[in-house]
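[1] below is the sequence, then the predicted model.
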Amino acid sequence: MLRVTCAIIESNQKVLIAQRNQNMLLPYKWEFPGGKVEKGEQDEMCIVREIKEELNLNIVVQSRLTPVTHHYDTFSLELFPFICHTDSQEFEVKEHAQVLWIEAQDLLNYDWAEADTPIVKEYLALK
Ligand SMILES: Nc1nc2c([nH]c(=O)n2[C@@H]2O[C@H](COP(=O)(O)OP(=O)(O)OP(=O)(O)O)[C@@H](O)[C@H]2O)c(=O)[nH]1
């Protein structure tokens, strides 16, 4: 199964969320940025690498949330969420349609990729 990491990046009382672009799978859905784990790569290394590649942002991994297995119509994945921190609020948008810092209380107002819904809920329950 596809192994994917994602980062709930916190800074300055906000969380970073990203909207997938029109050419990606799940176009226009919101997600926590991240990506596929490469062969032989550790999950923590993957998330740090993906966030650097996609947003040019340096993060520190702080903790893990519960992994989610989800079956979309055309593929299945196991999604490994990490709570992360960054000192810099400045990012570059390299792949996404939009990237935003939002307040955690606004997370439920976005149209999330289905696999992310349990992650959003678990995160909000911890807040
Ligand atoms: N990054 C990320 N992907 C997610 C999330 N939720 C979710 O269902 N996915 C799905 O997991 C897969 C991850 O692929 P990706 O396109 O982000 O990964 P990547 O950057 O390694 O892709 P690439 O092969 O284009 O380099 C996508 O099919 C995406 O739709 C999420 O919160 N973050």
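    Arrived safely, thanks for sending.
[2] CA atoms for contacts and neighbours, from now on please.
    OK.
[3] show me what contacts the residue positioned nearest the centre of the chain?
    Of all residues in the chain, the one closest to the mean position by C-alpha atoms, centre = their mean is F32, 2.0 Å from it. Taking C-alpha atoms under 8 Å, 6 or more residues apart in numbering as the criterion, F32 is in contact with C6, A7, I8, L16, I17, A18, D116.
[4] repeat for H96
    Each residue near H96 by C-alpha under 8 Å, 6+ apart is listed here: A18, Q19, R20, N21.
[5] before we move on, what SS does the last one have?
    At N21 the chain is in coil, as set by DSSP: H, G, I helix; E, B strand; the rest coil.
[6] pretty sure it contacts V99?
    No: no contact is recorded between N21 and V99 when judged using C-alpha atoms under 8 Å, the distance being 10.6 Å.
[7] the contacts of F32 into TSV, with extra columns for pLDDT and secondary structure?
    Supplementary listing: the contacts of F32 in TSV, determined by pLDDT from 0 to 100; DSSP: H, G, I helix; E, B strand; the rest coil:
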residue	pLDDT	secondary structure
C6	99	strand
A7	99	strand
I8	99	strand
L16	98	strand
I17	98	strand
A18	98	strand
D116	98	helix
